[in-house]
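Visitor: take this sequence and fold it.
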Amino acid sequence: MPPAAGEGPTAELSWVTAALPGTPSDMVVRDDHAYLAVGSGLLVLDISEASNPRELSFLPLVNGAGLVGVSGDYACVVDTQGIRIFNITNPAEPQEMGNLSIEGEIRYLAMGQDYVYLTVAYYVVDLEKWEYSLAVVDISDPRAPRVVGNYEAPVGIFDMTVAGDYVYLADGWGLRIIDVSDPEEPEVEGTYITSNRTFGVDVVDDFAYVTDFYGLRIINISDPTDPQEVGYNDTLGYTLGVEVSGDLAYLAAISNVIVVDISNSSDPQEIGRNDTFRYLGNQVIVGDRLYLVDYYTGFHLLDITDPTEPRGLGRYDEFGSAFEIVGIGEHLYIADGAGGLEIVDISEPVDPQETGRADTPGTTNGVAVSGTHAYVADLEGGFRIIDVSDPAAPVEVANLTLPSDAYGVTLSGSYAYVADWEGGLRIIDVSDPAEPTEVGNVSTPGGAYDVTVAGSYAYVAAVKQGLRVIDISDPTESLEVGSYDTPGRAYHVALADDYAYVADYEAGLRIINISDPTNLSEVGSFDTPGKARGVAVEGAYAYVADGPGGLRVIDVSNPASPYEVGHYETLDSYHVVVAGGTLYVAAGGAQLQVLHLNFLPVASIDVISLHLANETEPVTFNGSGSDLDGSITVYQWRSDIDGPLGNASSFSNASLSPGNHTIYFKVQDNEGAWSAEATASLDINAIPLAFVDYILPSIAEEGEEVSFWGYGSDDGNITAFQWRSDIDGNLSTNDSFRTASLSPGLHTIYLKVMDDYGVWSEEASVELEIYWKLTAFIDEISPNSTNKGEEVYFEGHGVGQYEIISYQWRSSLNGFLSIGTNFTSTSLFAGNHTIYLKVRDSEGEWSPEASASLHINFPPEAHILSIEPSPVIEGDNVTLEGVGSDSDGRVVAYQWESDLDGPLGDSPTIVIDTLRIGRHNLTLRVQDNEGMWSVSPQKRLSVLERLDDEVEVPSSEDDGELPFPGVPWLLLTFLLVLRWRRSRCCPR
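Guide: Got it, this is the predicted structure:
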């Protein structure tokens with residue numbers, strides 16, 4: 001995974017070339033050319049001269065080459081990703097036409113005219129098992145190959161061949177015949193189950209020739225639906241491929257070629273054999289020649305003119321399997337497995353060229369170089385010393401047999417230290433390269449595989465027993481002083497400072513503190529995805545050859561916390577040499593793989609002057625870049641909102657769009673590689689926008705509910721709302737609300753919003769008309785409490801949407817009063833009035849009635865009940881009796897008056913004897929609790945002069961009889977009045 005920010009640069013690795021042909025695995029012969037899949041690419045040999053086959057062309061392929069087929073002008077190469085189609089009209093320069101990715105592992109290939117047949121194995125994780133299929137690929141257009149058919153096979157397939165409309169499969173159960181006459185619908189035509197697993201198949205005419213664990217079986221396929229075995233030979237042993245020519249079958253049996261006479265199909269018999277091979281692959285017969293591929297010894301041509309004694313005609317053996325590499329100056333020295341020691345010129349680093357090769361008797365697995373000599377760990381071939389003073393013609397000068405298998409070798413001073421598997425560590429004096437002498441050895445448990453020396457100590461990767469430390473201060477008396485048993489299998493060790501870096505196979509990279517060789521401790525590890533086989537340390541990085549996991553680059557600047565910074569999936573990986581920006585990987589059968597290493601530059605955003613700015617506010621950007629292995633040539637800034645911003649290390653910008661920007665900054669190095677983007681956040685705050693969505697209704701009557709909806713727009717969040725009216729002021733702080741309390745008038749309604757930075761928007765506005773509800777108003781009734789008959793003033797008005805044209809006043813007691821806006825009245829009935837006013841507008845609508853209270857007071861009533869006596873003689877008591885009443889209150893005061901004597905008393909009943917002589921008009925009035933006086937009723941009372949001869953005055957209660965019988969009452973009255981008048985005018 002990529003490093004976290006600040007952890008260091010990423011390593012970018014790219015494939016450059018596969019410098020040399022790797023191990024041959026498949027071969028096809030057409031005319032004078034052999035086409036070989038050689039691990040690292042496609043090799044074309046010119047075989048026109050049988051005794052001297054030579055390389056015509058080598059085409060390195062990034063995904064290698066495992067299988068090859070040829071049909072007409074095209075070759076089909078199987079790599080790790082699928083198939084590639086090449087035009088081979090000119091075998092010296094094959095041209096790629098097209099390719100097709102295939103999921104799974106392609107195990108076998110057979111070519112037809114327009115079709116390629118592939119056996120594919122793929123692992124089903126959910127089922128935890130392998131499944132197999134036969135894929136039919138249409139290559140009629142070589143630029144666009146495509147899968148057109150598929151057959152799901154029940155078991156694994158080990159070989160196949162095509163004849164006519166049928167594909168013949170040698171699978172785990174026997175022979176299976178697939179009808180491919182309809183390529184889109186391949187189907188089983190027939191099967192023949194053998195007693196054991198089959199490995200090879202060839203078809204000639206009506207017979208299929210099948211090899212298995214024990215030999216050869218001949219099956220009659222004249223009826224493809226019912227194949228029948230007709231003969232067999234089970235004394236031949238474990239045989240793989242089979243090739244038939246005429247009456248002879250040629251069987252590849254691991255290390256030998258067996259020739260079988262099949263003229264009698266019921267009784268095939270061996271007639272010849274060649275036992276000079278190590279591990280045979282496939283074979284091809286052309287005329288009287290048999291072409292073979294041996295994984296170890298290369299490409300062979302055999303003369304089969306005499307089938308009883310097949311003999312070699314020629315060989316091409318410039319193949320190899322690179323297991324270890326040493327770089328010295330302009331040369332690489334490669335431990336090339338069965339290919340011995342290979343010397344490669346790297347004066348042109350990306351175009352290595354083989355300059356020389358020294359064959360060894362064993363399998364070269366390790367190499368060390370000092371001066372003009374290379375020291376080789378040759379497995380079963382022991383220890384070999386080769387003079388490489390002439391790289392084009394290396395020659396062995398000495399060797400030393402060792403007790404086990406020599407896997408690794410290193411040099412220190414005049415000694416070679418050899419990891420000899422079960423033989424432990426062997427110490428050899430090479431002061432005279434021509435006379436190497438073993439001077440000491442130390443047994444190491446677990447199998448010594450690799451060794452590195454630093455100072456007085458040798459560090460041995462002992463596979464099953466981890467890292468062993470040998471004190472070699474005295475090479476003749478060396479002894480183990482420390483060890484650390486790693487969790488995996490230790491195959492290789494590299495040293496840097498106080499640490500040993502161990503390629504621990506399935507346990508990845510282990511980092512061990514060796515500051516005290518007697519007390520080793522692991523300080524860190526990194527679990528690689530493959531199988532760690534080799535490691536090289538340069539500076540702060542460990543380069544791990546991870547087997548099928550390719551090459552991994554690990555940052556070990558902090559040994560306690562290593563992390564991967566880059567990787568490349570090479571075809572295989574055993575060892576690596578770092579030469580600046582070029583990596584040379586020993587890739588086993590894929591030979592020497594060349595990778596380009598570029599540490600990507602690192603971009604850093606140093607300063608963004610403001611991380612929160614408003615629109616149009618200038619923001620300053622400043623960034624820098626660093627490159628571990630080059631220089632910075634280009635800068636590039638961008639925003640996820642505004643796109644490209646600038647291409648300088650520093651600049652200012654005042655035109656950034658509002659929003660939450662992610663600012664990206666990257667740099668490019670002198671190789672054209674871009675860094676990962678550094679990022680920073682920048683908020684450009686937009687002034688929020690307020691929107692009045694709608695107001696319903698937009699014209700409303702006073703008191704009618706109005707609904708308001710609004711919203712805000714911002715690059716962040718709207719956090720507050722403020723509604724207001726130019727008439728009523730603030731209305732609400734919600735985004736929506738309702739109100740029925742707006743004042744009448746033409747309102748301008750304003751809305752503003754606030755963002756999460758506290759910035760208010762401009763106010764949005766819209767008009768809203770609230771018209772008056774048709775309403776009558778009683779403005780004045782004055783006074784609002786008075787006595788009956790008093791003048792009362794009335795005034796009112798009306799409002800509404802339309803013009804007021806009529807008024808109507810009424811009283812709850814009097815009824816209709818007026819149609820004016822104001823008027824006076826003195827004719828109101830006494831009582832508690834409710835005064836009503838309604839108005840009518842120009843649309844003819846009447847308002848509801850307004851009302852007010854008016855009290856018109858009922859006057860109290862006074863009643864004179866009696867005056868006794870009446871008339872009365874001067875000086876006599878007269879009793880005045882009255883009563884008062886008030887219908888709407890109570891009587892609180894009384895007042896008796898005489899028009900002659902004035903006020904007489906303030907009680908309902910008074911007795912008085914002071915009335916002067918004369919004719920009095922007596923009145924009684926009463927006052928109620930509201931201060932209103934009653935009307936005064938009158939009664940007359942005559943007060944008579946007192947005479948010497950008293951005259952009895954009849955009371956008012958007499959029945960009217962005169963005091964003097966026979967004298968009329970009228971006459972008596974007259975006489976009394978006359979006397980009274982005389983007494984007033986003529987006093988005595």
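Visitor: and residue 475, backbone torsions?
Guide: Residue 475 has phi and psi values of phi -60, psi -20 when expressed as degrees, to the nearest 10.
Visitor: please list all residues in contact with it.
Guide: Residues counted as contacts of residue 475 (C-beta atoms under 8 Å, 6 or more residues apart in numbering) are 415, 427, 429, 439, 440. C-beta: built from backbone N, CA, C; applies to glycine.
Visitor: apply 6 Å and report the result again.
Guide: Residue 475 makes contacts with 415, 427, 439, 440, as judged by C-beta atoms under 6 Å, 6 or more residues apart in numbering.
Visitor: list only buried entries from the residues you listed.
Guide: For the contacts of residue 475, a burial check counting by 16 or more other C-beta atoms under 10 Å picks out 415, 427, 440.
Visitor: tell me who's in contact with the residue nearest to the last one when sequence neighbours are not counted.
Guide: What that stands for is residue 440. Spatial nearest neighbour of residue 440, excluding adjacent residues (C-beta to C-beta, 6 or more residues apart in numbering): residue 427 at 4.2 Å. Counting by C-beta under 6 Å, 6+ apart, residue 427 touches 415, 417, 439, 440, 475.
Visitor: who's the first one bridged to?
Guide: According to DSSP bridges, residue 412, residue 429 are recorded as the beta-bridge partners of residue 415.
Visitor: tell me where the stretch 101-250 of the chain has strands.
Guide: Under the criterion DSSP state E, counting those that start in this stretch, strands of the stretch 101-250 of the chain are mapped to 105-111, 115-124, 129-138, 146-153, 157-163, 166-171, 174-179, 187-193, 198-204, 207-212, 216-220, 228-233, 242-245, 248-253.
Visitor: residue 944: which of those is closest?
Guide: With C-beta to C-beta, the closest approach to residue 944 among these belongs to strand 115-124: 152.4 Å.
Visitor: give me the helices and strands touching the closest one, please.
Guide: Packing partners of strand 115-124 (3 or more C-beta pairs under 6 Å, 6 or more residues apart in numbering; DSSP states H and E): strand 105-111, strand 129-138.
Visitor: for the nearest residue in space to residue 505 that is not next to it in sequence, give me the pLDDT.
Guide: Among residues not flanking residue 505 along the chain, residue 489 sits closest, at 4.0 Å (C-beta to C-beta, 6+ apart). At residue 489, the model reports a pLDDT of 98.
Visitor: and residue 489, how far from residue 463?
Guide: As judged by C-beta to C-beta, to the nearest Å, residue 489 and residue 463 stand 5 Å apart.
Visitor: just the buried positions in the strand or helix carrying residue 746, please.
Guide: In the assignment (DSSP states H and E), residue 746 maps to strand 745-755. Of the residues in strand 745-755, 747, 749, 750, 751, 752, 753, 754, 755 count as buried by neighbour count, 16+ other C-beta under 10 Å.
Visitor: now the helices for this protein?
Guide: 969-985 (DSSP state H).
Visitor: quick one, domains of it?
Guide: For the chain, the TED database gives the domain ranges 14-153, 324-595, 602-685, 689-771, 775-857, 863-944.
Visitor: burial count for the residue nearest to residue 505?
Guide: 23 (other C-beta atoms under 10 Å).
Visitor: so it versus residue 406, what's the distance?
Guide: Residue 489 is 18 Å from residue 406, by C-beta to C-beta.
Visitor: contacts for stretch 931-951 next, please.
Guide: 787, 857, 859-862, 864, 867, 870-874, 915, 917-923, 925-927, 980, 983.
Visitor: and that stretch, C-alpha only, in PDB?
Guide: Below are the C-alpha coordinates for stretch 931-951, written out as PDB (Å, rounded to 0.1, in the frame of the first residue of the first chain):
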ATOM      1  CA  GLY A 931     -77.200  62.600  41.200                       C
ATOM      2  CA  MET A 932     -80.300  63.200  39.100                       C
ATOM      3  CA  TRP A 933     -83.200  65.100  40.700                       C
ATOM      4  CA  SER A 934     -86.700  64.200  39.900                       C
ATOM      5  CA  VAL A 935     -89.400  66.500  38.600                       C
ATOM      6  CA  SER A 936     -91.100  68.300  41.500                       C
ATOM      7  CA  PRO A 937     -94.800  67.600  42.000                       C
ATOM      8  CA  GLN A 938     -96.700  70.500  43.500                       C
ATOM      9  CA  LYS A 939     -99.500  70.800  46.100                       C
ATOM     10  CA  ARG A 940    -101.000  73.900  47.500                       C
ATOM     11  CA  LEU A 941    -101.300  74.600  51.200                       C
ATOM     12  CA  SER A 942    -103.000  77.600  52.600                       C
ATOM     13  CA  VAL A 943    -101.700  78.900  55.900                       C
ATOM     14  CA  LEU A 944    -104.500  80.900  57.600                       C
ATOM     15  CA  GLU A 945    -104.200  83.700  60.100                       C
ATOM     16  CA  ARG A 946    -105.000  82.700  63.600                       C
ATOM     17  CA  LEU A 947    -108.200  84.600  64.800                       C
ATOM     18  CA  ASP A 948    -109.300  85.400  68.400                       C
ATOM     19  CA  ASP A 949    -112.400  83.400  68.000                       C
ATOM     20  CA  GLU A 950    -111.000  80.300  66.700                       C
ATOM     21  CA  VAL A 951    -112.500  78.700  63.800                       C
END
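Visitor: in it, what counts as buried?
Guide: For stretch 931-951, by 16+ other C-beta under 10 Å, it's 932, 934, 936, 939, 941, 942, 943, 944, 945.
Visitor: low-scoring stretches of this protein, by residue?
Guide: Scanning the chain with the threshold set as pLDDT under 70 gives 1-7, 948-988.
Visitor: mind running it again at 80?
Guide: 1-8, 715, 948-988 (pLDDT under 80).
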